[in-house]
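> sequence isn't available, so here's the structure alone:
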């Protein structure tokens, strides 16, 4: 695909033969906006067909909920292993092979490979349709991109709108009243619950500011000039909605990681932030998002498109103060130490024993929040040969953050790029990566434990 201007030029993948690669995007577009929009609209269906073909090749995408398991507000959780295996193999056979044998015979499941953005050379923020529809209904702001649609089916995404639980008012339960919180309704929902600083912080988290694809310049991916995006467009209700993007920390473009928007629940107990976890406080991250992440780490483009510089002593602090109130959903089977209480079933207890033992999960995910606030390199690349897939090189992931597992059943899809659609997929992935050789019964018990966290 011929990409002539904007974010896509960061990739260097479209550089003419013999032209040196660069980490910088051109500041001046080389194509008229109307021509670029017309071309990208024409190319859109082929791009989405290519991405859908990849997803169909990798996964079982049926809507097949697990029995008797739901998210906090009742959305069914998808059950079963959705990653497809090569013909003639099985999960048990695969787990008994060495990484070298799997690599040599190209048996690593494609669904365990890095997941490309729907158009990886282009990248950029991309929202599921239910988020687009609700924001348009409430605010009249349209998050539709003319060049791309979101790719993963809704039934693999978090429930929408997600409930909101506050560390300061656990007695209230879900304070969202079943609504998506926006600039239209935040005051009526939270006046009398939050203090004035926290209300102002929430307002700022709901206020749209210019971003790489959503802005008022001619290098945008919306038909009309755009006010921008808000923090809570991705972190809907302080949780997640499946919105995706590309991490801004790597060049060239084909090595950039797709991002699965993480939940902000429990952010008060986390100590590492950013795609390389170099930021140590949520205040640092809040400020960084506006200055850099919104514009792929390109300060020149940010200035051109209208970067909003937040004031650290008030605005950043107020936004962080609200974020640090966001709590995990209730877990009635966990005691105060984060381990199972007397109400747990035998299978859940067996799963807990495996979690802290043979399965090695607790090596990184320690209670009560099931994170060690560190980073670990899984070295998944020892299982596969690097290749180019839809513009994404299947290179090493490097160190990735240990995200909390509290409330994990409410936060699909999984891993940092959303490549694992279900918790069953996650159990199989780590059983293979950690070479723990769990039996089918042991995997089922670990799954039962994860679902009560």
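Looks like it came in fine. Note that the structure is predicted; figures quoted are calculated from it, not measured. Numbers count the residues shown, from 1 in each chain.

> rest of the way, CA atoms for contacts and neighbours
Fine.

> tell me how far stretch 34-44 is from the chain's mean position?
Distance, stretch centre to chain centre, for stretch 34-44: 27 Å (CA atoms, centre = their mean, to the nearest Å).

> so what touches it?
Outside stretch 34-44, the residues that touch it by CA atoms under 8 Å, 6 or more residues apart in numbering are 146, 147, 148, 221, 223.

> among the residues you listed, who's most crowded?
When neighbours are taken as other CA atoms under 10 Å, the top entry among the contacts of stretch 34-44 is residue 221 (26 neighbours).

> what about it, distance to residue 134?
Going from residue 221 to residue 134 by CA to CA, to the nearest Å gives 19 Å.

> same check on residue 223?
Per CA to CA, residue 223 is found 19 Å from residue 134.

> kindly report the same for residue 66.
Distance from residue 66 to residue 134, counting by CA to CA: 27 Å.

> of these two, who's got more company?
Neighbour count, other CA under 10 Å: between residue 66 and residue 134, residue 134 has more, with 18 against 12.

> residues contacting that one?
Going by CA under 8 Å, 6+ apart, residue 134 touches residue 180.

> and the host helix or strand of it, what's buried?
In this structure, residue 134 sits in helix 129-139 according to DSSP states H and E. For helix 129-139, burial by neighbour count (16 or more other CA atoms under 10 Å) applies to 129, 131, 132, 134, 135.

> and for stretch 80-92?
Buried residues in stretch 80-92, counting neighbours by 16+ other CA under 10 Å, are found at 81, 82, 83, 84, 85, 91.

> how many neighbouring residues does residue 32 have?
Burial measure for residue 32: 11 neighbouring residues, criterion other CA under 10 Å.

> got a list of what it touches?
Applying CA under 8 Å, 6+ apart to residue 32 gives the contacts residue 218.

> got it, and residue 433?
378, 380.

> same thing with residue 397?
257, 377, 379, 380, 381.

> swap in 10 Å and give it another go.
113, 114, 255, 256, 257, 377, 378, 379, 380, 381, 416, 417 (CA atoms under 10 Å, 6 or more residues apart in numbering).

> against residue 383, how distant is it?
Taking CA to CA, one finds residue 397 at 13 Å from residue 383.

> shared neighbours of these two, anything?
Common contact partners of residue 397 and residue 383 (CA under 10 Å, 6+ apart): residue 113.

> and residue 84, how close does it get to residue 381?
Per CA to CA, residue 84 is found 19 Å from residue 381.

> and what of residue 426?
Distance from residue 426 to residue 381, counting by CA to CA: 17 Å.

> kindly report the same for residue 210.
Remark: distance between residue 210 and residue 381 (CA to CA) = 37 Å.

> so between these two, which is more surrounded?
Each of residue 210 and residue 381 has its neighbours counted (other CA under 10 Å); residue 210 has more, 22 against 18.

> list the contacts of that one.
Contact analysis of residue 210 by CA under 10 Å, 6+ apart lists 216-217, 226-230, 290, 294-295, 302, 305-308.

> closest one of those to residue 251?
Distance to residue 251 across the contacts of residue 210 (CA to CA) is lowest for residue 295, with 14.2 Å.

> now do the buried residues in the top strand by length along the chain.
Longest strand in the chain by number of residues (criterion: DSSP state E): strand 65-70. Judged by neighbour count (16+ other CA under 10 Å), strand 65-70 contains these buried residues: 65, 69, 70.

> that one packs against which elements?
Secondary-structure packing of strand 65-70 (3 or more CA pairs under 10 Å, 6 or more residues apart in numbering; DSSP states H and E): strand 76-78.

> list the pairing partners of the strand it packs on within its sheet, with orientation.
Neighbouring strands of strand 76-78 in its sheet, by DSSP bridges, are strand 65-70 (antiparallel).

> domain assignment for the chain?
Using automatic domain parsing, the domains assigned to the chain come out as 65-113+332-450, 117-323.

> among those, which is the most enclosed?
Burial of the domains of the chain is given as mean neighbour count (mean count of other CA atoms under 10 Å); domain 117-323 ranks first at a mean of 20.

> average model confidence for stretch 241-260?
The pLDDT scores in stretch 241-260 average 92.

> how long is it from one end to the other?
End-to-end distance of stretch 241-260 (CA to CA): 9 Å.

> got it, and stretch 253-268?
32 Å.

> where exactly do the helices run in the stretch 101-250 of the chain?
Ranges of helices in the stretch 101-250 of the chain, per DSSP state H, counting those that start in this stretch, are 129-139, 186-190, 196-205, 231-234.

> just send the ones you listed back as JSON lines, with mean pLDDT too.
Output for the helices of the stretch 101-250 of the chain, formatted as JSON lines (pLDDT from 0 to 100):
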{"stretch": "helix 129-139", "mean pLDDT": "98"}
{"stretch": "helix 186-190", "mean pLDDT": "98"}
{"stretch": "helix 196-205", "mean pLDDT": "98"}
{"stretch": "helix 231-234", "mean pLDDT": "97"}
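
> for residue 283, which of those helices is the nearest?
helix 196-205 (11.6 Å).

> picking up where we left off before, what is the lowest-pLDDT residue among the contacts of residue 210?
Minimum pLDDT across those is recorded for residue 290, with 82.

> mind checking what secondary structure that residue has?
With DSSP: H, G, I helix; E, B strand; the rest coil as the basis, residue 290 sits in helix.

> before we move on, what about the one 4 residues further on?
Following three-state DSSP, residue 294 is assigned to helix.

> any idea how far it lies from residue 256?
Separation of residue 294 from residue 256 (CA to CA): 15 Å.

> returning to what we had before: from the contacts of stretch 34-44, which two are the most distant?
Maximum pairwise distance among the contacts of stretch 34-44 (CA to CA): 12.3 Å, between 148 and 223.

> sorry, back to before: is it possible to get TSV of the domains of the chain that adds distance to residue 20?
Listed next are the domains of the chain as TSV, based on distance: least, CA to CA, whole Å:
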stretch	distance to residue 20
domain 65-113+332-450	19
domain 117-323	12
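
> ok, residue 323 touching residue 281?
No: using CA atoms under 10 Å, residue 323 is not in contact with residue 281, being 11.4 Å away.

> what is in contact with those two at once?
Common neighbours of residue 323 and residue 281, using CA under 10 Å, 6+ apart, are 267, 268.

> remind me which residues of the stretch 251-400 of the chain are low pLDDT?
Counting by pLDDT under 70, the stretch 251-400 of the chain has low-confidence residues at 275-277.
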